[in-house]
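Visitor: Below are the sequence and a predicted model for it; my questions follow.
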Amino acid sequence: MSYLDNTTITVDAVLTKLGRERFSQGNFNVTQFALADDEIDYGLYNVTHPSGSDYYAIALENLPLLEAIPDDSKTMKFKLITLPKGTAQIPVISTGISTLNMYGAYNGRPGQTVVVAPSTVNGLNNTLGYTATLDSPNYVTLAIKEAVSVRSIITPSGRRASTLPGMSSVVGKSFTLTAKALPQSLWTTGSIIMTINVYKDIKTANEY
Amino acid sequence: MADTVFTIFGADDQVVASPSRVTNALWSNGVGILTTFTTSLAFPTGTLIGNDRYYVDIYASAPATEQVEFSLAYGHISGSGANSSDLDYPTKAIYSQYRNLLLDNASGQFILNTSGPISMSQFYAITIKRANLKQKLDPGNWELHLGGLAASPSLSLIDNSADSNDLNAGSTARSYKVVSGSITSGQVGTAIYGLVYPDYGVLLLDPSIFSASIKMSLNTGATWVNAANKNNIWNMFTAMSQSEYFAARSEEKISSTHYFVRVKNQQYNYSSNPTFYSASDGTIIQQAFFDDPQVFLTTVGLYNDGNELLAVAKLSQPVTKGFDKEALIKVRLDF
């Protein structure tokens, strides 16, 4: 007989850049969580391990992990998702765009506008739309091109995500990116690289 | 089935913990005992100019590469110890500055002993750098040595916070008396050498009480000349450099919120990790995962209503999750 394991995993969280910004604005309100498996390579799951099935995942379970990165655009990259047991195919989101070159507003000419329309392979309910998050609003504006129904963008506490002040995330079926004026130092040569993350909170069709 | 990426915290999942008292080594880079003192102040052979008339910054090593650890100033109630031709009255200004900051009565004096009373008409002010101090100096856990050369017996100073109720508890500044002794052995003797204000990170030491015993020069004249023993800041720096020992801790109260992340067996058993599925059609790569999927949780993200990532926590090792496993993770966020 031995003692039962009553341990709870305790971890320390760090504020992200965005979290600090929201905190300084008095708008820091955690309402939900998500989980991710960043750093994990499932190719290390070894079903031919000589010690048997208890050791298939040993290389993953023993992996020491790096400290948290406080950049909200560079962490939580690969989220865990809840799907029915027996699922054989994972929904895959695609924007159809790997790299996007845009010209900025210059000398009276408006900045270029591009529409990003994500699609989902193996998607379930496509009426719920996507969440797009821009890592830097300095040079590009992000707006909803095609909205989803109001009911679909009600957030956990009943507020509409797209109307929250200063939000860098919007929810819609498609989005418009519009380039702003570039700084003078970048008028002739130079470029700015930024990231837009698009993901979908996948739900089954009969949830609403 | 509930939300598939985000899970809403319930009312019982967020707990605001009582503020906890945390102490740390006071000096830069986590050093608890400062054993080298340097300053940018040159040996006083020329006329002091600018801020050198008021204070000098003390570093652990070369000033060009190190952070300031504390500042050292000399104050006198009537302006003695300064060049009489200096109409900025630097030593008088220093005395007035600390009196204004630390006393309820801005025209009063610092009282060392109420049964006397003995007041300080002059002092050395040791002011700890704010970045080192965090919220306050940990009273009862600092020790400063002065003097210590063969011909100059050393003096070890601490405060009497362990033996005394807070002085001036209801006034502008909480203070304790500076006495001789050590952190480990406590107070020795009854002499009072000054006052310490832990909330301000300020030590005021009366040189008239200890300068003779540690053979430290002290200029309380109305004139000031460019000689080593006439520059009071230099005199004190020399006395401190002879021992080179200043142990201290900082103290702060940290408020924490605990978020209990409860992951049920039916939740979070699949991954959007690109090594988990085929990019072409989304098929799960490991056939063993078709009936019994396993994922390896490494990161917890805390989000707001707008799905903005506000805080992130990493586990020390991956946690296996499947349909036959649940997890309870307590995420602590300090403010």
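Guide: Received the coordinates, thanks. Just so it is clear, the structure is predicted and the values come from calculations on it, not from any experiment.
Visitor: Around chain A, pick out the residues from the stretch 151-300 of chain B.
Guide: Proximity of the stretch 151-300 of chain B to chain A, by CB under 8 Å from any CB of the partner chain, involves residues B:257, B:259, B:261, B:263, B:266-277, B:279, B:281-286, B:288, B:290-291, B:293-300. For the C-beta atoms, the positions are set from N, CA and C on the backbone; glycine is no exception.
Visitor: Let's see which of those end up in strands.
Guide: For these, the ones inside strands are B:257, B:259, B:261, B:263, B:270-271, B:294-300, with DSSP state E as the criterion.
Visitor: And these, which two are furthest apart?
Guide: B:257 and B:294 (31.0 Å; CB to CB).
Visitor: Those two: which has the busier surroundings?
Guide: For residue B:257 versus residue B:294, neighbours defined as other CB atoms under 10 Å in any protein chain shown are more numerous around residue B:294 (22 against 17).
Visitor: Once you drop chain neighbours, what's closest to the more buried one?
Guide: The shortest distance from residue B:294 to any non-neighbouring residue, by CB to CB, 6 or more residues apart in numbering or on different chains, is to residue B:322 (4.7 Å).
Visitor: Please apply the same query to residue B:56.
Guide: Going by CB to CB, 6+ apart, residue B:56 has residue B:41 as its nearest residue, at 4.4 Å.
Visitor: for residue A:145, same thing?
Guide: That would be residue A:174: by CB to CB, 6+ apart, it lies 4.1 Å from residue A:145.
Visitor: Give the full set of residues in contact with that neighbour.
Guide: A:115, A:116, A:117, A:118, A:144, A:145, A:146 (CB atoms under 8 Å, 6 or more residues apart in numbering or on different chains).
Visitor: Keep only those of those that are in strands.
Guide: If you go by DSSP E, those have A:115, A:116, A:144, A:145, A:146 in strands.
Visitor: Most neighbours out of those, which is it?
Guide: residue A:116 (19 neighbours).
Visitor: is it true that that residue touches residue A:178?
Guide: No: the pair residue A:116 / residue A:178 is not scored as a contact, 11.4 Å apart, by CB atoms under 8 Å.
Visitor: The helix or strand containing residue B:315: which residues count as buried?
Guide: Applying DSSP states H and E as the criterion places residue B:315 in strand B:309-322. Across strand B:309-322, burial judged by 16 or more other CB atoms under 10 Å in any protein chain shown covers B:309, B:310, B:311, B:312, B:313, B:314, B:315, B:318, B:319, B:321, B:322.
Visitor: follow-up on the earlier one: quick one: contacts for the residue nearest to residue B:56?
Guide: So residue B:41 contacts B:52, B:56, B:233, B:234, B:237 (CB under 8 Å, 6+ apart).
Visitor: wait, is the third one part of a helix?
Guide: Looking back up the chat, that one is residue B:233. Yes: according to DSSP: H, G, I helix; E, B strand; the rest coil, residue B:233 belongs to a helix.
Visitor: where's the nearest residue to residue A:181 once chain neighbours are set aside relative to residue B:120, distance?
Guide: Computed as CB to CB, 6+ apart, the closest residue to residue A:181 that is not its neighbour in sequence is residue A:105, at 4.1 Å. Note on residue A:105: its distance to residue B:120, by CB to CB, to the nearest Å, is 66 Å.
Visitor: So for these two, which residue has more residues nearby?
Guide: residue B:120 (25 against 15).
Visitor: before we move on, back to that, can you say which of the ones in strands among the residues of the stretch 151-300 of chain B next to chain A are buried?
Guide: Here, 16+ other CB under 10 Å leaves B:257, B:259, B:261, B:263, B:270-271, B:294-300 buried among these.
Visitor: Residue A:71 is in contact with residue A:16, isn't it?
Guide: Yes: between residue A:71 and residue A:16 there is a contact under CB under 8 Å: 6.7 Å.
Visitor: Those two: which has the busier surroundings?
Guide: Ranked by neighbour count (other CB under 10 Å), residue A:71 and residue A:16 place residue A:16 first, with 25 against 13.
Visitor: and that one, what does it touch?
Guide: Contacts for residue A:16 were tallied using CB under 8 Å, 6+ apart; they are A:70, A:71, A:72, A:75, B:309, B:310, B:311, B:312.
Visitor: for the fourth one, what are its contacts?
Guide: This points to residue A:75. Residue A:75 neighbours (CB under 8 Å, 6+ apart): A:16, A:36, A:38, A:68, A:69, B:299, B:301, B:309, B:312.
Visitor: In chain A, where is pLDDT below threshold?
Guide: A:1-7, A:123-127, A:135-137, A:149-168, A:183-208 (pLDDT under 70).
Visitor: helices or strands up against the helix or strand harbouring residue B:240?
Guide: Residue B:240 is located in helix B:232-243, with elements delineated by DSSP H and E. In terms of contacts (3 or more CB pairs under 8 Å, 6 or more residues apart in numbering or on different chains; DSSP states H and E), helix B:232-243 is packed against strand B:55-59, strand B:68-76, strand B:143-146.
Visitor: ok, the residue nearest to residue B:294 - contacts?
Guide: Contact analysis of residue B:322 by CB under 8 Å, 6+ apart lists B:265, B:269, B:292, B:293, B:294, B:295.
Visitor: Quickly note the distance from it to residue A:9.
Guide: Taking CB to CB, one finds residue B:322 at 16 Å from residue A:9.
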